[in-house]
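*Asks:* Build me a model:
(2 chains)
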Amino acid sequence: MIRTTVKKIYMALIFIFLYAPIGTLIVLSFNASRTRAKWGGFTLKWYTALLENREIMQALWNTLLIALLSSLTAVVIGTVACIAIQGMSRQKRAIFMGITNIPMLNADIVTGISLMLLFISLGLKFGLGTILLAHITFNIPYVILSVMPRIKQLNPSIYEAALDLGATPLRAFFQVVLPDLLPGILSGFLMAFTMSLDDFIITHFTKGAGVDTLSTKIYTEVKKGIKPEMYALSTLIFVTVLILLMLVNRTPEEKRIPDK
Amino acid sequence: MKKWFAMAGLCMASVLALGGCGNSASGKNGQVIVYNWGEYLDPETITMFEEETGIRVVYDEFETNEIMYPKVEAGATSYDVICPSDYMIQKMIANDMLAELNFDHLPHAKANIGQQYWEQSREFDPENKYSVPYCWGTVGILYNKTMVEEPIDSWSVLWDEAYKDNILMQDSVRDAFMVGLKLNGYSMNSTDAAQLEIAKNALIQQKPLVQAYVIDQVRDKMIGNEAAIGVIYSGEAIYTQRENPDLEYVIPKEGTNVWIDSWVITKDAPNKENAEAFINFMCRPDIALMNFEYITYSTPNDAARELIEDEDIRYSEIAFPDLKQYANLETFQYLGPEADEMYNELWKEVKSE
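*Replies:* Sure, this is the predicted structure:
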């Protein structure tokens, strides 16, 4: 009895620590006063101000666009790379896996600065394009990391059987191999998407003048204090992610029952 | 199968398209790339500038001088106009990164910026050749009248045992040492090891009385009556007073830091004339007034100050103190890497004590 109450209290504490900051932020997004020290009454004005703020909406759009394009591109490149790596000899495979893992372990600031220097020496114009290239670069290893285990589980005989039955290699890949890889690809895509949404440092070094993502935009507000519009936006993002997670967690259960 | 091809193709196409375009659209009279502090300008003024001049503004923001410097130095983007602080301007002049301004193109700056600000600027730009003041302020003591009995006029109140755990200090090296040095009558740009040692010991002695070393939170904590006394920038003082009328701001008699953020043009600015047009526009009284009302930091633009409708603010001692009335006002200077190292070491000793 005591054990279970202790367990429950422990769980409750963990959840409080995890969610108290987000809770505070959500409450503040409805605070009519600009300062956190005073409760000025309930208001939705930050939400309307947010929708009318062209710069924040532009930053949000940039963030989503970059996250989507970079993770899609990384998924294509990463999956193709996985298939190639799987076909290599054991020794070569180890070397290539090592090479793809290094950028993940590398500090973001090193990646950011070296990408900036590379882009400068290539004479690229800094803007959305350079951010996108940088994001694709650091996203590829995450895709490889999540697709590789699926590929190792593949039974090569199935692909060969498809060829025996007259499928062209390309068709065999898309109809037989790809469906098996899809869960890995999907989780790689989601991981890449989140990494791209989150990134500040690499974006900071590779962005051009006048192009901002949400993270760089929020950071520039440090000197004058972060505006309550940002609380409203963070609340909306949190609620969206929460709803998405609930949907994702519900669907497999419903599907699995008729399966078995 | 076709779907996948189409998707991959789409991705590639959009990557190529994006890589190619960037910010190529420019106004009929070209563009100007501006690098300013975040939230440091009324966005409406940019729209007005674009409409009146036909010059497109590419606007970018930084969060600290230290973050701005390497980005400009690396040259990934050729910024035209930047708005650094005093000591950083000095460093950029020393490293030959700034262009001399042609004041024939800046009539509004010559006419409207008050004489005392040009004089104060000479501490970091000795001949007023490179910079045009944009925002300025002082550092002082903000106190809560209901928690403090006697009138405050000296840094020494931060060492008063009566306010134990009710004092907020700035959590940055130069700001903290400014207080320690000024208290003992030294220059806040001192590089004298003995003077710095005395300032360090003063700060260590003060430490048990300090509730917290903070930067932004001074504002919110003072509004929320969580502390009696805090070291704060004057730009924030007006805002805090509006939220909590019990608060009072004072410039200590031992002198303090007068900071100035000024417009400068980079040495290799691709659009120098547009850059000068931009700075000149920002010095126009009505535009300077719009910016003052948006950011509430004091403007050095005397003509704009005349236009402020609220007399309490126009004649506010907090927003527009007469610099001549105060002794020992100084502006931060760039002290070089060795002195920076020394300050950082001593600050570490204070923080770890």
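*Asks:* Write out the residues of the stretch 251-353 of chain B neighbouring chain A.
*Replies:* Taking CB under 8 Å from any CB of the partner chain as the contact definition, the stretch 251-353 of chain B meets chain A at residue B:295. The C-beta positions use only the backbone N, C-alpha and C, and glycine is treated the same way.
*Asks:* for chain B, which spans come out with low pLDDT?
*Replies:* B:1-26 (pLDDT under 70).
*Asks:* So for it, the centremost residue is which one?
*Replies:* Nearest residue to the geometric centre of chain B (CA atoms, centre = their mean): residue B:261, 4.9 Å.
*Asks:* which residues touch that residue?
*Replies:* B:37, B:40, B:83-86, B:133-136 (CB atoms under 8 Å, 6 or more residues apart in numbering or on different chains).
*Asks:* Remind me which helix or strand the residue nearest to residue B:188 when sequence neighbours are not counted belongs to.
*Replies:* Excluding its sequence neighbours, the residue lying closest to residue B:188 (CB to CB, 6 or more residues apart in numbering or on different chains) is residue B:178, at 4.1 Å. When elements are defined using DSSP states H and E, residue B:178 is found to belong to helix B:173-183.
*Asks:* taking the mean pLDDT, what do you get for the one helix or strand residue A:242 maps to?
*Replies:* Residue A:242 belongs to helix A:228-259 when elements are defined using DSSP H and E. Mean pLDDT, computed over helix A:228-259, is 76.
*Asks:* which strands and helices sit next to it?
*Replies:* If contacts are counted by 3 or more CB pairs under 8 Å, 6 or more residues apart in numbering or on different chains; DSSP states H and E, helix A:228-259 sits against helix A:2-28, helix A:45-52, helix A:54-86.
*Asks:* Of all these, which one comes closest to chain B?
*Replies:* Proximity to chain B, assessed across the helices and strands packed on helix A:228-259 by CB to the nearest CB, is greatest for helix A:54-86 (4.8 Å).
*Asks:* List the buried residues of that closest one.
*Replies:* For helix A:54-86, a neighbour-count test (16 or more other CB atoms under 10 Å in any protein chain shown) marks A:56, A:59-60, A:62-63, A:65-79, A:81-82, A:85 as buried.
*Asks:* what residues does the stretch 51-200 of chain B put near chain A?
*Replies:* For the stretch 51-200 of chain B, the residues in contact with chain A under the definition CB under 8 Å from any CB are B:58-64, B:67, B:71, B:74-77, B:79.
*Asks:* The closest residue in space to residue A:32 that isn't next to it in sequence sits in which helix or strand?
*Replies:* Closest residue to residue A:32 in three dimensions, ignoring its sequence neighbours and counting by CB to CB, 6+ apart: residue A:40, at 3.6 Å. Taking DSSP H and E as the criterion, no element holds residue A:40; it sits outside all helices and strands.
*Asks:* Report the contact partners of residue A:40.
*Replies:* Listed by CB under 8 Å, 6+ apart, the contact partners of residue A:40 are A:31-33.
*Asks:* how about residue B:142, secondary structure?
*Replies:* When the structure is split into helix, strand and coil by DSSP: H, G, I helix; E, B strand; the rest coil, residue B:142 lands in strand.
*Asks:* Make sure it is actually in contact with residue B:229.
*Replies:* Yes: because the distance of 7.3 Å satisfies CB atoms under 8 Å, residue B:142 is recorded as touching residue B:229.
*Asks:* ok, residue B:203 - contacts?
*Replies:* In this structure, residue B:203 makes contact with B:176-177, B:179-180, B:350, judged by CB under 8 Å, 6+ apart.
*Asks:* And residue A:156, how far from residue B:185?
*Replies:* Residue A:156 sits 82 Å away from residue B:185 when distances are taken as CB to CB, to the nearest Å.
*Asks:* now do residue A:113
*Replies:* According to CB to CB, residue A:113 and residue B:185 sit 43 Å apart.
*Asks:* Same question for residue A:236.
*Replies:* From residue A:236 across to residue B:185, the span is 54 Å (CB to CB).
*Asks:* what's the answer for residue A:51, then?
*Replies:* Taking CB to CB as the measure, residue A:51 falls 54 Å from residue B:185.
*Asks:* Same check on residue B:274?
*Replies:* In this structure, residue B:274 lies at 47 Å from residue B:185, with CB to CB as the measure.
*Asks:* burial of residue 99, as a residue count?
*Replies:* Looking at chain A here, since you left the chain open. By the measure other CB atoms under 10 Å in any protein chain shown, the count of residues near residue A:99 is 11.
*Asks:* oops, chain B please
*Replies:* Number of residues near residue B:99 (other CB under 10 Å) recorded here: 18.
*Asks:* ok, back up a step: comparing residue B:274 and residue B:185, which residue is more hemmed in?
*Replies:* Neighbour tally, residue B:274 and residue B:185, criterion other CB under 10 Å: the higher count belongs to residue B:274, 26 against 11.
*Asks:* After the helix or strand where the more buried one lies, which helix or strand is next? Please name it.
*Replies:* In this structure, residue B:274 is located in helix B:272-282 according to DSSP H and E. Later in the chain than helix B:272-282, the nearest helix or strand by DSSP H and E is helix B:285-295.
*Asks:* Check which residues of stretch A:178-197 are buried.
*Replies:* Using 16+ other CB under 10 Å as the test for burial, stretch A:178-197 gives A:181, A:184-185, A:187-189, A:191-193, A:195-197.
*Asks:* Identify the residues contacting it?
*Replies:* Everything outside stretch A:178-197 that qualifies as a contact, by CB under 8 Å, 6+ apart, is A:63, A:66-68, A:70-72, A:74-75, A:78-79, A:135, A:138-139, A:142-151, A:154, A:158, A:214, B:4.
*Asks:* for stretch A:91-103, same thing?
*Replies:* Taking CB under 8 Å, 6+ apart as the criterion, the residues outside stretch A:91-103 that touch it are A:81, A:85-86, A:88, A:111, A:137-138, A:140-141, A:144-145, A:148.
*Asks:* which residues of the stretch 1-150 of chain B fall in strands?
*Replies:* Counting by DSSP state E, counting those that start in this stretch, the stretch 1-150 of chain B forms strands over residues B:31-37, B:56-62, B:81-82, B:131-144, given from the N-terminal end onward.
*Asks:* CSV please, covering those and showing distance to residue B:292 and mean neighbour count.
*Replies:* Shown next, in CSV, are these (distance: least, CB to CB, whole Å; neighbours: other CB atoms under 10 Å in any protein chain shown):
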stretch, distance to residue B:292, mean neighbour count
strand B:31-37, 15, 25
strand B:56-62, 19, 22
strand B:81-82, 19, 28
strand B:131-144, 9, 24
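*Asks:* between these, which gets nearest to residue B:220?
*Replies:* Closest approach to residue B:220 among the strands of the stretch 1-150 of chain B (CB to CB): strand B:131-144, 12.1 Å.
*Asks:* which stretches of chain A have low pLDDT?
*Replies:* For chain A, residues meeting the criterion pLDDT under 70 lie at A:223, A:251-260.
*Asks:* which stretch of helix or strand covers the spatially most central residue of it?
*Replies:* Among the residues of chain A, residue A:194 comes closest to the average C-alpha position under CA atoms, centre = their mean, at 1.3 Å. Under the assignment given by DSSP H and E, the secondary-structure element containing residue A:194 is helix A:178-198.
*Asks:* Show me what the helix or strand just after that helix is packed up against.
*Replies:* Per DSSP H and E, the first helix or strand lying C-terminal to helix A:178-198 is helix A:201-206. Contact analysis of helix A:201-206 by 3+ CB pairs under 8 Å, 6+ apart lists helix A:108-122, helix A:128-153, helix A:214-220 as its packing neighbours.
*Asks:* mind putting those in CSV, distance to residue B:111 and mean neighbour count included?
*Replies:* Written out in CSV, the entries for those read as follows (distance: least, CB to CB, whole Å; neighbours: other CB under 10 Å):
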stretch, distance to residue B:111, mean neighbour count
helix A:108-122, 40, 15
helix A:128-153, 41, 22
helix A:214-220, 31, 21
